[in-house]
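J.: predicted model and sequence below, questions to follow.
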Amino acid sequence: HAKETGRNRMQFYREEMNARALERLSLEQALRRALEAQELTLFYQGQFDLATGRLLGAEALLRWQHPELGLVPPDRFIPIAEDTGLILSIGRWVLVEACRRAASWQRPGQAPVTVAVNISARQFHHGDLVAEVEHALAQSGLPAAQLELEVTESVLMGGIQPVIDTLDQLKAMGVRLALDDFGTGYSSLAYLKRFPLDVLKVDRSFIRALPQDQDDAAIVAAILGMAGHLGLATVAEGVEDEAQRAHLLAQGCQVAQGYLFARPLPAEEFEARLGEATLTPAS
Ligand code: C2E
Ligand code: MG
Ligand code: MG
Ligand code: MG
């Protein structure tokens, strides 16, 4: 009996594996066509000044509108894009598209609006990133200071000197550099000293249980304190309620992103909000 149960379990396991591999394979094939078929789009999630509530800019977030599956979340297709190398062409498109869109947001006489673009590890390390960023800025006319590139701690782990060189070149162009999901990777505080970063994005996992959770409150206070001493700006991710907002403001966090302020929106909807925000001067 035990043998049979074992065999059934094996069989079940194998079928499950096959189903998953098949799903992945078909997603992979569909993703190969997605860019050309214009199924990829960027949503924009506002970033807000915590003290004044002013809309400062947006993070560009990739969405895949699959003809049959509907909206496929980035957590499901970006790992595939990374493994297959498709992230290189997708990432290039994201840069050009985000810069083009953000260039149209700038209004003479009004405060500049920034756009933040996520850069994957593979895209960062393949070598042409600096030229691609230059190209996206030149083609769109977006001032470099209005572009922020978000990298995660995993990007910084791939060999110190080449990473510093790339970051230095981007920095020299005037682009801002943000460390995304801070505190979740194999964080080394040495990163903060070695790399020419401008912004720390405090990961959502530390924000979720604020202000009640004492441990999270302590971690967030420590991150904000350290960032302040190092001259880094701070962005809190995933701010969903008023109590979190009030706590972060009191703790000296500068910028917030989250459902409390705005969800990621299609470009036109984000632009409508931006239009309202710039018509009404911040009080
Ligand atoms: P991320 O860069 O950390 O982006 C923030 C994620 O948190 C987004 O998920 C956003 O929708 C979500 N979020 C924002 N505010 C809230 C909130 O208040 N509550 C909750 N529960 N979630 C919130 P999304 O759009 O699903 O993106 C997931 C991840 O996919 C991103 O995490 C980023 O790592 C990656 N990604 C998205 N777009 C791109 C891209 O263009 N290129 C690359 N390489 N990665 C991307
Ligand atoms: Mg990000
Ligand atoms: Mg993040
Ligand atoms: Mg995150």
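T.: Now that the structure is in, tell me what you want to look at. Ligands and ions are numbered 1, 2, ... in the order given.
J.: for stretch 200-215, list the C-alpha coordinates in PDB.
T.: Output in PDB follows, covering the C-alpha atoms of stretch 200-215 (Å, rounded to 0.1, in the frame of the first residue of the first chain):
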ATOM      1  CA  LEU A 200      16.300  54.800  -0.100                       C
ATOM      2  CA  LYS A 201      12.900  53.200  -0.700                       C
ATOM      3  CA  VAL A 202      11.800  51.500   2.500                       C
ATOM      4  CA  ASP A 203      10.200  48.200   1.700                       C
ATOM      5  CA  ARG A 204       6.500  47.800   2.100                       C
ATOM      6  CA  SER A 205       6.900  44.900   4.500                       C
ATOM      7  CA  PHE A 206       8.200  47.300   7.200                       C
ATOM      8  CA  ILE A 207       5.400  49.700   6.600                       C
ATOM      9  CA  ARG A 208       2.400  47.300   6.700                       C
ATOM     10  CA  ALA A 209       2.100  46.900  10.500                       C
ATOM     11  CA  LEU A 210       3.000  50.500  11.400                       C
ATOM     12  CA  PRO A 211       2.600  52.100  13.800                       C
ATOM     13  CA  GLN A 212       1.500  49.200  16.100                       C
ATOM     14  CA  ASP A 213       4.400  46.800  15.500                       C
ATOM     15  CA  GLN A 214       7.200  47.800  17.700                       C
ATOM     16  CA  ASP A 215       9.900  46.000  15.800                       C
END
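J.: what residues of the helix or strand harbouring Ala98 count as buried?
T.: Secondary structure from DSSP states H and E places Ala98 in helix 86-103. Buried positions in helix 86-103, judged by neighbour count with 16 or more other CB atoms under 10 Å: 86-88, 90-92, 94-99, 101-103. In this view, the C-beta of every residue, glycine as well, is placed from N, C-alpha and C.
J.: which residues are contacting it?
T.: 31-32, 35, 40, 42, 44, 57-58, 60, 62, 78, 80-81, 113-115, 117-120, 122-123, 126, 132-133, 135-137, 139-142, 146-147, 267 (CB atoms under 8 Å, 6 or more residues apart in numbering).
J.: from Val117, how far off is Cys99?
T.: Distance of Cys99 to Val117, computed by CB to CB, to the nearest Å: 8 Å.
J.: between those two, which contacts overlap?
T.: Contacts common to Cys99 and Val117, judged by CB under 8 Å, 6+ apart, are Leu147.
J.: surely Pro112 and Gln106 touch.
T.: Yes - using CB atoms under 8 Å, Pro112 is in contact with Gln106, at 6.0 Å.
J.: give me the common contacts of these two.
T.: Contacts common to Pro112 and Gln106, judged by CB under 8 Å, 6+ apart, are 143, 146.
J.: sketch out the low-pLDDT regions of the stretch 101-250 of the chain for me.
T.: Along the stretch 101-250 of the chain, the model assigns pLDDT under 70 to residues 158-159, 187.
J.: check the buried residues of helix 86-103 against ligand 2, which are close?
T.: Among these, not one lies near ligand 2 by CB under 5 Å from the ion.
J.: what residues does the stretch 101-250 of the chain have near ligand 2?
T.: Residues of the stretch 101-250 of the chain lying near ligand 2 (CB under 5 Å from the ion): 118, 150, 180.
J.: from these, which are also near ligand 1?
T.: 118, 150, 180 (CB under 6 Å from any ligand atom).
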